[in-house]
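[1] prediction below, plus the sequence it came from.
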Amino acid sequence: MSDRPDPLARPLQLPCGTRLPNRLCKAAMTEGLADAGLRPTARLAALYRRWSEGGAGLLLTGNVQIDRRVLERPGNVAIDPAPTDAETMQRLREWSRAGTVGGNHLWMQISHAGRQSPWYVTRQPLAPSAVQLKLLGNYARPRALNEDEILDFIERYARVAVVARETGFTGVQIHSAHGYLLSSFLSPVTNLRSDAWGGSLRNRARMLIETIRATRKAVGRDFPVALKLNSDDFRKGGFTHADCLQLVQWLNDESLDLLELSGGTYEQPRLLGFSGKTEDAAPQRESTVLREAYFLDYAADVRKIATMPLMVTGGFRTRAGIEEALDSGAVDVVGLGRPLCGEPDLPKRLLAGEITEMPRYEKQMQLGTGIFAPTSTVFVLKLINLLGQQGWFYLQIFRLADGKTPDFKLGVFGSFWRYLLDEYRQAWRVQRARLKRWS
């Protein structure tokens with residue numbers, strides 16, 4: 001047996017002085033477990049208790065919204081306004097207590113869905129410009145934000161971070177990836193503004209940088225503030241890898257504790273291993289297509305510039321691959337998402353050396369419908385296939401939240417319809433609660 005320290009088990013000292021107990025992170029995954037009032041529930045706490053006991057040194061929540069009018073999905077938790085009511089604060093404390101029972105960190109991911117909010121939960125999305133997301137007719141044309149609203153949202157991110165600290169979360173992550181609001185400000189495709197919030201990369205990055213500064217000022221120097229950022233949008237005319245490198249150079253001065261690199265948007269969801277419409281796609285490095293982790297090549301470029309710790313999520317399939325990424329210095333933390341939907345104790349088993357490969361659930365899904373065929377060239381079928389896979393994982397999350405074991409016999413096509421039905425039911429409950437709130 002080697003005497004070399006296990007790279008997965010090494011603690012990580014963050015710039016703010018906080019220490020992560022190991023290098024594994026449960027990556028952010030939208031849970032869909034809030035109640036009709038967009039408050040945390042006992043099911044959400046139960047889910048995070050299972051993940052906390054699973055051994056990862058850091059858990060990132062799914063995106064907590066700063067604006068209850070614009071949701072990524074109807075089951076989002078929203079903290080709006082903040083500070084909020086006593087009942088919501090108590091539920092947040094219960095969530096944070098459950099999510100830290102294993103001695104790990106629990107960071108709240110703070111987000112605004114922007115233009116990527118479906119019609120059945122948001123009638124009028126909000127965005128930097130009125131550029132509609134055209135995807136299966138699922139998204140309405142957004143309204144462009146005015147400057148007062150932009151400034152208000154910057155302060156909302158900061159106020160939600162304060163609520164996170166007050167209710168026992170041990171850090172926050174600002175979501176500026178995947179085409180959500182802050183990410184859409186960065187992209188020339190979705191940000192057509194001609195004022196101080198658009199045009200040059202410096203102007204397009206202004207909202208993000210001012211959000212980070214406001215958040216840091218609000219929570220103090222000793223509280224972890226992280227950022228999720230696209231390494232590339234992988235879309236023609238969008239936020240590029242070169243833009244990312246320049247932005248990281250600026251971010252070196254912003255007191256970040258961890259930078260998570262991801263990539264893609266709803267049109268080009270490369271984080272899920274899926275390519276969107278060919279005519280919109282920007283070229284992707286062949287080495288990235290072939291290697292184990294999706295964004296590791298891009299992280300190696302960022303590593304040459306960044307002074308803050310780095311994290312990459314997506315595509316890790318073996319313990320050896322994780323070790324190599326950590327030992328090389330390309331990343332400091334490895335994020336695991338989908339594998340923890342089926343095996344919530346996976347980090348503990350990795351740390352104990354009990355397993356060497358991640359589970360590949362695609363082999364366990366029922367593929368008899370034929371719609372799962374990865375060779376399909378029909379965009380709509382490919383998209384339904386992707387949504388079916390998403391639905392499969394969402395249903396496993398629901399089972400974990402209900403104290404059940406995962407059901408690997410669920411079919412992809414059936415999962416798609418069950419997930420969609422659940423979304424519509426939740427959306428109806430949210431809309432009814434909104435009407436009652438406003439009456």
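    Received the coordinates, thanks.
[2] ok, which stretches of the stretch 201-350 of the chain are helices?
    Secondary structure of the stretch 201-350 of the chain (DSSP state H, counting those that start in this stretch): helices located at 201-204, 206-219, 241-251, 286-290, 296-303, 319-327, 339-342, 346-351.
[3] residue 422 contacts residue 32, correct?
    Yes: under the criterion of Cβ atoms under 8 Å, residue 422 makes contact with residue 32 at 7.4 Å. Heads up, the C-betas are built off the backbone N, CA and C, glycines and all.
[4] if we can go back for a sec, wait, which of the helices of the stretch 201-350 of the chain is closest to residue 387?
    helix 339-342 (15.6 Å; Cβ to Cβ).
[5] how about the strands in the stretch 151-300 of the chain?
    Per DSSP state E, counting those that start in this stretch, the stretch 151-300 of the chain carries strands over the ranges 171-176, 225-230, 258-262.
[6] so for residue 366, what's the pLDDT?
    Here, the pLDDT recorded for residue 366 equals 47.
[7] of residue 422 and residue 32, which one has the most company?
    residue 32 (21 against 18; other Cβ atoms under 10 Å).
[8] that one belongs to a strand, doesn't it?
    No: counting by DSSP: H, G, I helix; E, B strand; the rest coil, residue 32 is not found in a strand; it is coil.
[9] ok so, going back, can you tell me which of the helices of the stretch 201-350 of the chain the model trusts least?
    helix 286-290 (a mean of 44).
[10] re earlier: mean neighbour count and distance to residue 98 for the helices of the stretch 201-350 of the chain - can I get that in TSV?
    Formatted as TSV, these follow (neighbours: other Cβ atoms under 10 Å; distance: least, Cβ to Cβ, whole Å):
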stretch	mean neighbour count	distance to residue 98
helix 201-204	17	38
helix 206-219	20	22
helix 241-251	18	32
helix 286-290	11	37
helix 296-303	21	31
helix 319-327	17	27
helix 339-342	22	16
helix 346-351	21	17
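[11] now the end-to-end length of stretch 235-246.
    Across stretch 235-246, the terminal residues are separated by 18 Å (Cα to Cα, to the nearest Å).
[12] name the nearest residue to residue 149, sequence neighbours excluded.
    residue 126 (7.3 Å; Cβ to Cβ, 6 or more residues apart in numbering).
[13] can you list phi and psi of the one you found for me?
    Backbone torsions of residue 126, given as degrees, to the nearest 10, read phi -120, psi 140.
[14] centre of the chain to stretch 179-192, how far?
    Per Cα atoms, centre = their mean, to the nearest Å, the displacement of stretch 179-192 from the mean C-alpha position of its chain is 16 Å.
[15] buried set for it?
    179-191 (16 or more other Cβ atoms under 10 Å).
[16] and the contacts of stretch 195-202?
    Stretch 195-202 has contacts (Cβ atoms under 8 Å, 6 or more residues apart in numbering) with 128-129, 147, 150, 185-186, 191-193, 203-204, 206-207, 243, 246-247, 250.
[17] one step back: a markdown table for the strands of the stretch 151-300 of the chain, including mean pLDDT and mean neighbour count?
    Listed next are the strands of the stretch 151-300 of the chain as a markdown table, based on pLDDT from 0 to 100; neighbours: other Cβ atoms under 10 Å:
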| stretch | mean pLDDT | mean neighbour count |
| --- | --- | --- |
| strand 171-176 | 98 | 27 |
| strand 225-230 | 97 | 27 |
| strand 258-262 | 96 | 27 |
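[18] save those strands as CSV, and put in distance to residue 143 too.
    As requested, these are exported to CSV (distance: least, Cβ to Cβ, whole Å):
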stretch, distance to residue 143
strand 171-176, 21
strand 225-230, 24
strand 258-262, 27
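[19] which among these is found nearest to residue 433?
    Smallest distance to residue 433 across the strands of the stretch 151-300 of the chain (Cβ to Cβ): 24.1 Å, for strand 171-176.
[20] partner strands of the closest one, parallel or antiparallel?
    When pairing is defined by DSSP bridges, strand 171-176 lines up against strand 105-111 (parallel), strand 225-230 (parallel).
[21] which one of those lies nearest to residue 429?
    strand 105-111 (21.2 Å).
[22] touching that closest one from outside, list them.
    18, 20-21, 28, 48, 52, 57-66, 72, 96, 99-100, 157, 160-161, 164, 168-175, 180-181, 215, 224, 226, 228.
[23] distance from stretch 127-140 to the middle of the chain?
    Going by Cα atoms, centre = their mean, where stretch 127-140 is centred and where its chain is centred differ by 20 Å.
[24] now that stretch: average pLDDT?
    On average, stretch 127-140 scores 92.
[25] what sits up against that stretch?
    Contacts of stretch 127-140 (Cβ under 8 Å, 6+ apart): 114-119, 122-125, 141-145, 179, 181, 184-185, 189-193, 197-198, 207, 266-267, 380, 383.
[26] of these, buried ones?
    114-118, 122, 125, 142, 144-145, 179, 181, 184-185, 189-191, 193, 197-198, 207, 266-267, 383.
[27] okay, residue 376: pLDDT?
    Taking residue 376 on its own, its pLDDT is 41.
[28] can you check residue 148 too?
    Value for residue 148, per-residue pLDDT: 98.
[29] where's it, which helix or strand?
    helix 147-166 (DSSP states H and E).
[30] for that helix, list every residue counted as buried.
    150, 153-165.
[31] now do stretch 39-57
    39-41, 43-57.
[32] what strand or helix carries the residue lying closest to residue 338 once chain neighbours are set aside?
    Leaving aside its sequence neighbours, residue 338 sits nearest to residue 393 (Cβ to Cβ, 6+ apart; 5.6 Å). Residue 393 belongs to helix 379-401 when assigned by DSSP H and E.
[33] hmm, back to that, and the residue nearest to residue 338, how far from residue 418?
    12 Å (Cβ to Cβ, to the nearest Å).
[34] dump the residue contacts of the nearest residue to residue 97 once chain neighbours are set aside.
    Leaving out its chain neighbours, the residue that sits closest to residue 97 by Cβ to Cβ, 6+ apart is residue 168, at 6.2 Å. Contacts for residue 168 were tallied using Cβ under 8 Å, 6+ apart; they are 92-93, 96-97, 100, 106.
[35] so residue 396 sits against residue 341, correct?
    Yes: judged on Cβ under 8 Å, residue 396 makes contact with residue 341 at a distance of 4.3 Å.
[36] which neighbours do those two share?
    residue 406.
[37] leaving out sequence neighbours, find the closest residue to residue 103.
    residue 21 is the one closest to residue 103 (Cβ to Cβ, 6+ apart), at 6.4 Å.
[38] neighbours of that neighbour, how many?
    Residue 21: 17 neighbours (other Cβ under 10 Å).
[39] quick one: contacts for it?
    Counting by Cβ under 8 Å, 6+ apart, residue 21 touches 11, 57, 103-105.
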